[in-house]
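> coords please:
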Amino acid sequence: MGAQTHWLMWGYLLEFKGKNVFLELWIASLLFLAANTFVLIKIIQYHTCSPLFKRIEFTSSNHDPTEGKKSH
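Modelled structure (predicted):
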C-alpha cells in the first residue's frame with residue numbers, strides 16, 4: 001500500500017501540479033513493481049492446489065455393463 005501511495009504522490013505532482021518529477025516517478029514505478037512482484041510471489045508460495053473436480057472411480061461392483069438387462 002505504501003508503494004502505491006508513493007507512486008500516486010509523484011503522479012499527482014506531475015499531472016496536476018506540473019512539476020518535473022519524471023525521475024522520481026520512474027524510481028517510484030520500480031519500487032511499485034518490486035512491491036507487487038513480492039506480493040505475487042508470496043501468494044504463489046502459500047497457495048495450495050486443490051482439484052476443481054473429483055474423479056469418480058468405478059469398480060466392477062459399481063458399474064456392471066450387463067446390469068439392468070433382463071435375461072430371457
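> Please count neighbours and contacts with C-alpha atoms only from this point.
Will do.
> what packs against the helix or strand where residue 40 lies?
Assigned by DSSP states H and E, residue 40 belongs to helix 22-46. If you count contacts as 3 or more Cα pairs under 8 Å, 6 or more residues apart in numbering; DSSP states H and E, helix 22-46 packs onto helix 2-15.
> buried ones in the helix it packs on?
3, 6-7, 10-11, 14 (16 or more other Cα atoms under 10 Å).
> quick one: contacts for residue 32?
3-4, 7 (Cα atoms under 8 Å, 6 or more residues apart in numbering).
> Quick one: the buried residues of helix 2-15 as TSV, columns for pLDDT too.
Shown next, in TSV, are the buried residues of helix 2-15 (pLDDT from 0 to 100):
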residue	pLDDT
3	93
6	95
7	95
10	96
11	96
14	96
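> Among those residues, which pair sits farthest apart?
Maximum pairwise distance in the buried residues of helix 2-15, criterion Cα to Cα, is 16.8 Å, between 3 and 14.
> Could you report the distance from residue 29 to residue 5?
The spacing between residue 29 and residue 5, counted by Cα to Cα, to the nearest Å, is 11 Å.
> just residue 28 next, same as before
10 Å.
> Then residue 15?
For residue 15 relative to residue 5 (Cα to Cα), the value is 15 Å.
> Could you do residue 35 as well?
12 Å.
> low pLDDT regions in this structure?
Within the chain, the set of residues satisfying pLDDT under 70 comprises 60-72.
> ok, 80 please
For the chain, the stretches with pLDDT under 80 are 51, 53-56, 58-72.
> what about dumping the CA coordinates of stretch 27-46 to CSV?
The C-alpha trace of stretch 27-46 is given here as CSV (Å, rounded to 0.1, in the frame of the first residue of the first chain):
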residue,chain,number,x,y,z
ILE,A,27,12.0,5.3,-9.4
ALA,A,28,8.7,5.0,-7.6
SER,A,29,7.5,2.8,-10.5
LEU,A,30,10.4,0.5,-10.0
LEU,A,31,9.5,0.3,-6.3
PHE,A,32,5.9,-0.3,-7.1
LEU,A,33,6.8,-3.1,-9.5
ALA,A,34,9.0,-4.7,-6.8
ALA,A,35,6.3,-4.5,-4.2
ASN,A,36,3.7,-6.1,-6.5
THR,A,37,6.1,-8.8,-7.5
PHE,A,38,6.9,-9.6,-3.9
VAL,A,39,3.2,-9.9,-3.1
LEU,A,40,2.5,-12.1,-6.1
ILE,A,41,5.5,-14.4,-5.2
LYS,A,42,4.1,-14.7,-1.6
ILE,A,43,0.6,-15.6,-2.9
ILE,A,44,2.1,-18.2,-5.2
GLN,A,45,4.3,-19.7,-2.4
TYR,A,46,1.4,-20.1,0.0
